[in-house]
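Participant: Predicted model and sequence follow; I will ask about them next.
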Amino acid sequence: MEVSIDRLTKHYGRKIAVDCVSTVLKPGMYGLLGENGAGKTTLMRMLCAILEPTSGEVLLDGREVSSMGADYRDLLGYLPQDFGYYPNDTAEEFLLYMAALKGIPRNRAKKRVKELLETVGLQDVAAKKIKSFSGGMKQRVGIAQALLNHPKILVLDEPTAGLDPKERVRFRNLISDYAKDRIVILSTYIVSDIEAIADEVLLMRKGKLVSQGTVPELTKRAEGKVWELAVSPAEAARWQKKEAVANLRHEGDQVILRILSDDRPAEEAVCCETTLEDLYLQSFRE
Amino acid sequence: MKDRKIEEYLQSSLKNGAEGHPLKKEETIAGCIAVMRRQKGYVEEERTGFWQFLSDVLRFEGLAIFGLQAGVLLLVCMWAGAIEDVSHYIPVFTPLFALAVMPPLFRSQFYNMGEMEAATRASEVEIIIAKLILAGAANLISITAFFCVVMHVQNSSENMGQIVLYGLVPYLVCMTAILRLIRMHRKERISVYAVAAAGSCMVWGLSAKALPWLYETSAAGLWIVLFVIFAGFFSKELCFIWEMKREGKIYGSIN
């Protein structure tokens, strides 16, 4: 299975939300990274065929997805960024409703819903109304609905938003297990989530796909550009104004600065290992 | 296809002289299992057809659709029973039946579920078609019941044709506007439309007082013309929605 995104573009009037994005997605986990307004959500919506592109196309094994209709949507699991719910539905009712929309026969839907409620740890509150749920619990209901039809293509727009660290780890394990023979594409602003589970990272900026590669490949590009420098607290403020400081931590009387710079910022600065977060910050430095 | 892949795998294992080696045999078995597991993921799962889907929508939305219609019917019948010369005020009542289908029809947009629902197998168009079928059935039952009540109140079935026209013309105007709203996906216009439709009921009510000639037998021709025009618009809107389903067009939920 292969999803090809071919010169996909979306304009909103004069604003270009997605600008000629092309890539090929094969089974695996893809992390979509980018600042707010980079075009991640628009790209995901077009990938799910719920938003018509201005130009370009999305192909599944050579077939244009917009012409595939239900055959394509059958393979799709989608969690939007801001999703609603019917407040008077219980978690179980909501999932059964979504299962009906996904064309899952009633008896199988019941079994699947039970299974998924256990998977996302909501089995004890299955009969409670969603409106009484916390943000994290609602998010888990959203994740469960995306998985109802065993999707071959799973599109998750900021799925970890609102999840506590324990829930995030549980989610990461669930999804990385899922991505073995499926295409999973997720966007998140939590760089560590992508670093932990993504096979490949897609970096978007101002509607354009600026980089794509595995985490080691991408971090290698930023190698030799991340420095640690120990300074006094008084000097720290000066350095923050002068250089792009990715992190700052106190160690005894000193402040350790993590500086992003193409050149060694000071004689005492030590070059250190690059993380995806460094690359992200470097890409969006301005 | 599946068998061929397994066969290919076995053939290559045999060519490599793996058949006698216990370790290789284990590897071959593990490889075959992996191939079969991978293929298992591609087995098409059973999906429900449109009629099963319609019954599912009835299960989840039926109470709202039919409950609201029953409520409006009760209210309208009570109101109609208290009015003299009820036939002149029929255009006031029938748009209310159209208005009563709005909450279930636009529920997903109101609760921000549209995006999620549009990405399902059913798609937004099929969900809307299923809801429209149910809402249409509910409207048909309640409007027929209302006409029966009017006949009972009037104690005669005279001018029944005109009474039906008085009811259907405003109803078709409202339903055409609702279908257009659905097609245009303008969430923000829903409330504006609801207020406008409710306002139109008042205009029809005033017309009964201000334009009594409109409800004379001589004006039947005008009502027929209006009926034909709005039935045409209504059918056109239905065709647009049906066309979207036929073409498998799934865009349009998000603007």
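Facilitator: Nice, I can see it. Quantities reported herein were computed from a predicted structural model and do not represent experimental measurements.

Participant: and whatever residue of the stretch 151-286 of chain A ends up closest to chain B, how many neighbours does it have?
Facilitator: With distances taken as Cβ to the nearest Cβ, the stretch 151-286 of chain A approaches chain B most closely at residue A:181, which sits 5.1 Å away. All C-beta atoms are positioned from the backbone trio N, CA, C, and that covers glycine. Residue A:181 has 16 neighbours, counted by other Cβ atoms under 10 Å in any protein chain shown.

Participant: Just give me the neighbour total for residue B:82.
Facilitator: Count around residue B:82 with other Cβ under 10 Å applied: 9.

Participant: mind listing the helices in the chain by residue range?
Facilitator: By default, I'm working from chain A. Assigned by DSSP state H, chain A shows helices spanning A:40-47, A:65-68, A:70-73, A:91-101, A:106-119, A:135-147, A:165-178, A:191-197, A:215-221, A:233-242, A:276-283.

Participant: ah, I was thinking of chain B
Facilitator: B:2-15, B:22-40, B:50-81, B:90-100, B:102-105, B:107-110, B:114-118, B:123-154, B:160-184, B:189-210, B:220-246.

Participant: Confidence-wise, which of those helices is weakest overall?
Facilitator: Within these, the stretch with the lowest mean pLDDT is helix B:22-40, showing a mean of 66.

Participant: mind checking how far stretch B:112-129 is from the chain centre?
Facilitator: 11 Å (Cα atoms, centre = their mean, to the nearest Å).

Participant: again but with stretch A:256-274, I slipped
Facilitator: Distance, centroid of stretch A:256-274 to centroid of chain: 29 Å (Cα atoms, centre = their mean).

Participant: ok, residue B:226 touching residue B:169?
Facilitator: Yes - Residue B:226 is in contact with residue B:169 according to Cβ atoms under 8 Å; the separation is 4.8 Å.

Participant: So if I had to pick from these two, which one is more boxed in?
Facilitator: residue B:169 (25 against 16).

Participant: Work out which residue lies at the spatial centre of chain B.
Facilitator: With distances taken as Cα atoms, centre = their mean, the residue of chain B nearest its centroid is residue B:132 (2.5 Å).

Participant: do the same with chain A
Facilitator: residue A:187 (1.7 Å).

Participant: which of the helices of chain A sits most buried?
Facilitator: Most buried of those by mean neighbour count (mean count of other Cβ atoms under 10 Å in any protein chain shown) is helix A:40-47; its value is a mean of 26.

Participant: Distance to residue B:159 and mean pLDDT for the helices of chain A - can I get that in TSV?
Facilitator: Formatted as TSV, those follow (distance: least, Cβ to Cβ, whole Å; pLDDT from 0 to 100):
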stretch	distance to residue B:159	mean pLDDT
helix A:40-47	54	94
helix A:65-68	52	84
helix A:70-73	48	87
helix A:91-101	45	95
helix A:106-119	48	93
helix A:135-147	53	92
helix A:165-178	66	83
helix A:191-197	71	84
helix A:215-221	79	85
helix A:233-242	85	83
helix A:276-283	75	81
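
Participant: Stretch A:86-105 and chain B, are they touching?
Facilitator: Yes - judged by Cβ under 8 Å from any Cβ of the partner chain, stretch A:86-105 comes into contact with chain B at A:86-87, A:97-98, A:100-105.

Participant: In space, what's closest to residue 172 - neighbours in sequence excluded?
Facilitator: Chain wasn't specified; assuming chain A. residue A:197 (5.0 Å; Cβ to Cβ, 6 or more residues apart in numbering or on different chains).

Participant: Chain B was what I was after
Facilitator: That would be residue B:230: by Cβ to Cβ, 6+ apart, it lies 3.9 Å from residue B:172.

Participant: Hmm, that neighbour is touching residue B:177, no?
Facilitator: No - checked against Cβ under 8 Å, the pair residue B:230 and residue B:177 is beyond contact range at 10.2 Å.

Participant: Let me see the contact set for residue 103.
Facilitator: Assuming you mean chain A. A:70, A:74, A:149, B:47-48, B:53, B:120-122 (Cβ atoms under 8 Å, 6 or more residues apart in numbering or on different chains).

Participant: Hmm, no, I was thinking of chain B.
Facilitator: B:64, B:68, B:110.

Participant: I'd like to know how many residues surround the second one.
Facilitator: By the measure other Cβ under 10 Å, the count of residues near residue B:68 is 20.

Participant: And the one 5 residues further on, by the same measure?
Facilitator: Counted with other Cβ under 10 Å, the neighbours of residue B:73 add up to 21.

Participant: give the contact list for the nearest residue to it once chain neighbours are set aside.
Facilitator: With Cβ to Cβ, 6+ apart as the measure, residue B:142 is the residue that lies nearest to residue B:73, at 4.3 Å, once sequence neighbours are left out. Counting by Cβ under 8 Å, 6+ apart, residue B:142 touches B:69-70, B:72-73, B:97.

Participant: thinking again about what came up before, thought the residue of the stretch 151-286 of chain A closest to chain B was touching residue A:26?
Facilitator: No - when contacts are counted by Cβ under 8 Å, residue A:181 is not listed as touching residue A:26 (10.4 Å).

Participant: with the contacts of residue B:103 in mind, which one is nearest to residue A:208?
Facilitator: Residue A:208 lies nearest to residue B:110 out of the contacts of residue B:103, by Cβ to Cβ, at 35.3 Å.

Participant: Now do residue A:68 against chain B, distance only.
Facilitator: 7 Å (Cβ to the nearest Cβ, to the nearest Å).

Participant: tell me the phi and psi of the residue of the stretch 151-286 of chain A closest to chain B?
Facilitator: Main-chain dihedrals, residue A:181, degrees, to the nearest 10: phi -130, psi 30.

Participant: And it, how far from residue A:121?
Facilitator: Between residue A:181 and residue A:121 the distance is 24 Å, computed by Cβ to Cβ, to the nearest Å.

Participant: Ok, residue A:44 next?
Facilitator: For residue A:44 relative to residue A:121 (Cβ to Cβ), the value is 25 Å.

Participant: again with residue A:240
Facilitator: 41 Å.

Participant: can you list the residues of the stretch 101-250 of chain A near chain B?
Facilitator: A:101-106, A:108, A:142, A:145, A:149-150, A:152, A:155, A:181-182.

Participant: make it 7 Å
Facilitator: A:101-103, A:105, A:150, A:181 (Cβ under 7 Å from any Cβ of the partner chain).

Participant: circling back: ok, so of the contacts of residue B:103, who is nearest chain A?
Facilitator: residue B:110 (8.4 Å).

Participant: Run a quick neighbour tally on that closest one.
Facilitator: For residue B:110, the count of nearby residues is 16 (other Cβ under 10 Å).
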